[in-house]
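Got a predicted model here, sequence first, then my questions.
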Amino acid sequence: MLACYTDRLSVRPGERFALHASAGAGPCSLEIGRIGAGRDVVLRREGLAVGDHPVPEHADRDGCGWPAALDVEVGADWASGYYDIELTDAAGEATHHFVVVKPPAGVRRARAAFVLATNTYHAYNHWGGANAYCDVAALMSRRADLPTAMQGAIGVLSTRRPFPQMLIAPPADVPRLVNPRPRDFDERPFAGDRAWPRRRELSPYDSAAGFLNKWEHAFATWAEAEGLALDYVTDADLDAEPDVLAGYAVAILVGHSEYWTAAQRDQIERFVDAGGRLAIFSGNTSFWKVRFEDGGARFICHKWRGFEADPRADTHPQDATHLWSHQAFDRPEAAITGLSFLFGGYHRLGLCVARGAGGYTVYDEHHWALEGADLFYGDVIGAGLPLLGYENDGCRFSFGDDGRLAPVPTLGVPENLEIIAVAPAAFGEEAGRGYAPLIPPENIDIVLREVFGDTSAAAERRLLHGHAVMASFRRGAGEVFNGGTTEWAHGLAAHDPFIERITRNVLTRFGAYLPPVSAVTP
């Protein structure tokens, strides 16, 4: 068996990280390269002695405990970014891990902080058995169907273990989590490319997170071509360093920033309230509240195991983990993001808006984000991509006499939210419609009870019928733009002129294109 992991996911120049590894065919070679538009190799080692170590029974929960094979010092010339770690054994087999290099302490080489969604990586990581969703090992060995396997999800995940290679090093042809075309008349519902993962015996959790899985890498590649400088940080950095965003004009979230800790959210809110800008090109953003323990070695995420499953639920309920919109927290995510997955959902997956346009319909063509984009009332953006697909955030709204949309300030949605464009979305597939659901509503009874306090059939219908929304709002001295979908970066990768113009408008207004700041005093 060949696998590796690091003792930390982010480092600064001059700092060191440990590479822990196991190899049955040593010695190994090591290559570390920064991944952007290309791969810039910064370190190579040959003849690395790596022992063959067993996988502990509960590696998913307790970690591997393997000894360090190598300590690596980050060079002063390593630019901030995502660095792929490739370990190759004597038989030619390779495995991958990563570290994120932050800028030097007290230095800002860009105006934009690019916050990688590493908490989501942890939640999806099923190496060793289970993740926050499911006992994936039981599911893939056919020892359990999906509902039974979901009962095997664990609330404590180790961050000291490898990642499945599909999360960290997917092939270039990995398909998107979206149906590229509408469902035909009387056609059996489908969800993405069903043959591709079946040929590779992949789980449903192998391509919904990770830098190279579709979103963050696509954005970084586009930014480099734009000449847009980015300083990289991780979710965990926002949790551990209270002022890591100080001095930046804008914080950028891309793809699937689903899991936030309380300290991370505190910092983002302070940043915006003090005049910072938050650019969200992500979907399902800040849906789950999580925390770290044991110096970051344990990732706590009880999710559908129930609020009461968290040991802190009784004594320190504000420190517990569950939906950010849970009544116990009184802190719904829409208060900082403007939108919520609870009011949005899926589009072009299974029967979730299976014949949807795949793009947004414009309702406020005069909004500043659309300036110069040649867009008019009723125009559809991104249908050919499709721009909407996997997970999308939204809000409830009403129609005005002028055809504009006004937000319904529910569950944290700000009253001053400016709705730009919308499209239908569904929180899950409605049962009893003649098809076996592919996207069943995930524990809808828990959502209705713990968030809305209403488990009626009418409440369920309201939850199932949502909208993806593109919007912005001012908060404190700052401002937030929310693109409302995981798939935004695909519009940039395709060089869609409308999505590119909107993105440039947002980042220009938010100060990302200003000259870099060489240093800052937190």
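Yes, it's here. Numbering: from 1, shown residues only.

Which strand or helix spans residue 491?
Here residue 491, judged by DSSP states H and E, is contained in helix 488-493.

Which neighbouring elements make contact with that helix?
helix 216-226, strand 250-255, strand 277-282, helix 497-509 (3 or more Cβ pairs under 8 Å, 6 or more residues apart in numbering; DSSP states H and E). From N, CA and C alone the C-beta is placed, and that goes for glycine too.

Can I get the ones you listed in CSV including distance to residue 95, mean pLDDT and mean neighbour count?
Shown next, in CSV, are the helices and strands packed on helix 488-493 (distance: least, Cβ to Cβ, whole Å; pLDDT from 0 to 100; neighbours: other Cβ atoms under 10 Å):
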stretch, distance to residue 95, mean pLDDT, mean neighbour count
helix 216-226, 19, 97, 20
strand 250-255, 23, 98, 27
strand 277-282, 28, 98, 27
helix 497-509, 34, 98, 20
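
As a markdown table, the ones you listed with distance to residue 487 would be great.
Below are the helices and strands packed on helix 488-493 laid out as a markdown table (distance: least, Cβ to Cβ, whole Å):
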| stretch | distance to residue 487 |
| --- | --- |
| helix 216-226 | 10 |
| strand 250-255 | 9 |
| strand 277-282 | 9 |
| helix 497-509 | 10 |
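
what's next to the helix holding residue 491, contact-wise?
176, 214-216, 218-219, 221-222, 254-255, 281-283, 382, 385, 387, 498-500, 503 (Cβ atoms under 8 Å, 6 or more residues apart in numbering).

gap between residue 402 and residue 189?
37 Å (Cβ to Cβ, to the nearest Å).

which one of the two has more residues nearby?
residue 189 (18 against 7; other Cβ atoms under 10 Å).

Might one say that the more buried one is in contact with residue 438?
Yes - applying Cβ atoms under 8 Å as the test, residue 189 and residue 438 come out as touching, 5.7 Å apart.

Between the two, which contacts overlap?
With Cβ under 8 Å, 6+ apart, residue 189 and residue 438 have common neighbours 350, 351, 429.

helices and strands of the chain: which one has the lowest mean pLDDT?
helix 146-150 (a mean of 80; mean pLDDT, DSSP states H and E).

can you tell me the distance between the two ends of stretch 118-133?
Stretch 118-133 has an end-to-end distance of 16 Å (criterion: Cα to Cα, to the nearest Å).

before we move on, what about stretch 270-284?
Terminal residues of stretch 270-284 lie 21 Å apart, using Cα to Cα.

Figure out how far that stretch is from the centre of its chain.
On the basis of Cα atoms, centre = their mean, to the nearest Å, stretch 270-284 sits 15 Å off its chain's mean C-alpha point.

show me where the stretch 301-450 of the chain has helices.
312-315, 334-337, 444-447 (DSSP state H, counting those that start in this stretch).

Make JSON lines out of those and add distance to residue 36.
Shown next, in JSON lines, are these (distance: least, Cβ to Cβ, whole Å):
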{"stretch": "helix 312-315", "distance to residue 36": "40"}
{"stretch": "helix 334-337", "distance to residue 36": "27"}
{"stretch": "helix 444-447", "distance to residue 36": "39"}
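
Reformat the ones you listed into TSV and put distance to residue 355, mean neighbour count and mean pLDDT next to each item.
Listed next are the helices of the stretch 301-450 of the chain as TSV, based on distance: least, Cβ to Cβ, whole Å; neighbours: other Cβ atoms under 10 Å; pLDDT from 0 to 100:
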stretch	distance to residue 355	mean neighbour count	mean pLDDT
helix 312-315	42	12	91
helix 334-337	28	25	98
helix 444-447	23	16	89
